[in-house]
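> Fold the following, please.
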Amino acid sequence: MKFPKSHKLKEIASIIDAKYIGDENFPIEGINEIHRVEAGDIVFVDHPKYYDKALQSNATIVLINKEVECPEGKALLISDDPFRDFVKIGQHFIPFEAATKSISATAQIGEGTIIQPGVFVGNHVKIGQNCVIHSNVSINDHTIIGDNVIIRSGTVLGADAFYYKNRSTGFDRLKSVGNVIIEDHVEIGANCTIDRGVSASTIIGEGTIMDNLIQIGHDTIIGKRCLLASQVGIAGCVNIEDEVSIWGQVGITSGVTIGTKAVLLAQAGISKSLEGGKTYFGSPAEEARGLYKKIAATEIMIRDYRKK
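Residues are numbered from 1 along each chain as shown. Next comes the predicted model:
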């Protein structure tokens with residue numbers, strides 16, 4: 001998430017009542033999670049295991065719960081609870097806005113777009129030209145939809161990320177301040193859910209087609225001209241490159257990359273990144289040709305054993 005304008009280190013420190021290390025005028029442009037950070041962003045870290053990763057990341061400001069040596073060209077914000085304060089910064093700049101009508105007055109809807117009865121369009125939503133949004137679709141705040149997009153009934157765009165910290169008092173939600181971006185010529189089936197980014201964007205690439213009953217987790221990026229069949233479940237922070245085909249009931253773990261033109265056969269369980277241009281099957285998924293050979297060999301062994 002980028003701030004509307006650049007802020008100084010001292011200003012951000014005052015919002016969360018934190019000590020800072022670095023020039024008080026050090027510029028800060030936004031906040032982001034570790035997997036999407038850029039220069040000018042704040043990233044948070046609250047476990048020693050991940051200190052080095054955060055300090056060496058692209059982020060130039062690190063919100064951390066211990067005073068450590070500050071890398072050259074960066075700044076630190078020292079907090080007793082970085083998770084809490086990361087949420088606080090996000091909510092300061094993008095607070096929750098209650099809806100007052102089914103289609104917000106701040107929404108922008110392009111020429112030729114059809115909005116069927118029962119659709120909810122939240123605050124600061126942008127919808128392009130010649131789209132069709134079917135009944136009972138929910139398009140939550142800050143979602144951006146391109147031209148010639150079809151979204152079928154019951155789909156929800158921009159629900160909060162499934163991201164919690166386990167505390168002694170219960171689960172503490174990391175409140176999302178990112179959004180969803182749907183590019184041109186995308187079709188989304190009925191009863192799909194596409195969660196907003198925690199602090200960046202969940203993106204569905206141009207020309208991608210989605211069947212019914214699909215879940216896309218926060219900050220996932222799906223490339224251009226992909227095909228997703230029913231009951232696919234994709235966790236957060238996944239990168240799916242262009243022209244990937246994902247068939248029914250495939251499950252994909254967080255943080256992996258699926259290469260261009262890969263094919264994931266039905267019910268495959270994806271636990272690691274996969275090379276493009278190949279077909280995969282099974283759980284954990286393997287290249288289909290090799291797995292089918294293993295299955296055939298096993299069946300021969302069983303048959304021969306039974307003959308004895």
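
> Could you check the pLDDT of the residue most central in space within the chain?
Nearest residue to the geometric centre of the chain (C-alpha atoms, centre = their mean): residue 219, 1.5 Å. For residue 219, the pLDDT comes out at 97.

> in the stretch 1-150 of the chain, which spans are helices?
All helices of the stretch 1-150 of the chain, identified by DSSP state H, counting those that start in this stretch, fall at 9-16, 51-55, 82-93.

> Check which helices and strands the longest one is in contact with.
Using 3 or more C-beta pairs under 8 Å, 6 or more residues apart in numbering; DSSP states H and E as the contact definition, the elements that helix 82-93 packs against are helix 9-16, strand 27-31, strand 41-45, strand 61-64. Bear in mind the C-beta positions are built from the backbone N, C-alpha and C, glycine included.

> just checking, what packs against the last one?
It refers to strand 61-64. Strand 61-64 is packed against strand 41-45, helix 51-55, strand 75-78, helix 82-93, with contacts defined by 3+ C-beta pairs under 8 Å, 6+ apart.

> Now the longest one: buried residues?
Of the residues in helix 82-93, those buried by neighbour count under the rule 16 or more other C-beta atoms under 10 Å are 82-90.

> Name the residues that touch it?
Residues outside helix 82-93 that contact it (C-beta atoms under 8 Å, 6 or more residues apart in numbering): 1, 3-4, 12, 15-16, 18, 31, 42, 44-46, 63-65, 77, 79, 165, 172, 174-175, 177, 199.

> For it, give the mean pLDDT please.
97.

> Now do it and helix 9-16, the angle between them.
Counting by axes from the mean of the first three to the mean of the last three C-alpha atoms, to 10 degrees, helix 82-93 lies at 100 degrees to helix 9-16.

> isn't residue 177 right up against residue 200?
No: look at residue 177 against residue 200 with C-beta atoms under 8 Å: they stay out of range, at 9.4 Å.

> list the residues that contact both of these two?
Shared contacts of residue 177 and residue 200, counting by C-beta under 8 Å, 6+ apart, come down to residue 1.

> Let me see the contact set for residue 178.
Residue 178 sits next to 1, 161, 196-202, 218-219 when contact means C-beta under 8 Å, 6+ apart.

> Closest one of those to residue 111?
Comparing the contacts of residue 178 against residue 111 with C-beta to C-beta places residue 201 closest, at 24.6 Å.

> is it true that that closest one touches residue 177?
No: Residue 201 lies out of contact with residue 177 (C-beta under 8 Å); the separation is 11.0 Å.

> Which residue of these two possesses the greater neighbour count?
Counted by other C-beta atoms under 10 Å, residue 201 and residue 177 do not tie: residue 177 has more neighbours, with 27 against 19.

> before we move on, the earlier item: can you redo the helices and strands packed on helix 82-93 as JSON lines with mean pLDDT and distance to residue 127?
Formatted as JSON lines, the helices and strands packed on helix 82-93 follow (pLDDT from 0 to 100; distance: least, C-beta to C-beta, whole Å):
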{"stretch": "helix 9-16", "mean pLDDT": "97", "distance to residue 127": "33"}
{"stretch": "strand 27-31", "mean pLDDT": "97", "distance to residue 127": "25"}
{"stretch": "strand 41-45", "mean pLDDT": "97", "distance to residue 127": "28"}
{"stretch": "strand 61-64", "mean pLDDT": "98", "distance to residue 127": "34"}
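
> okay if I get these as JSON lines plus distance to residue 308 and mean neighbour count?
Shown next, in JSON lines, are the helices and strands packed on helix 82-93 (distance: least, C-beta to C-beta, whole Å; neighbours: other C-beta atoms under 10 Å):
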{"stretch": "helix 9-16", "distance to residue 308": "72", "mean neighbour count": "17"}
{"stretch": "strand 27-31", "distance to residue 308": "66", "mean neighbour count": "21"}
{"stretch": "strand 41-45", "distance to residue 308": "60", "mean neighbour count": "26"}
{"stretch": "strand 61-64", "distance to residue 308": "65", "mean neighbour count": "26"}
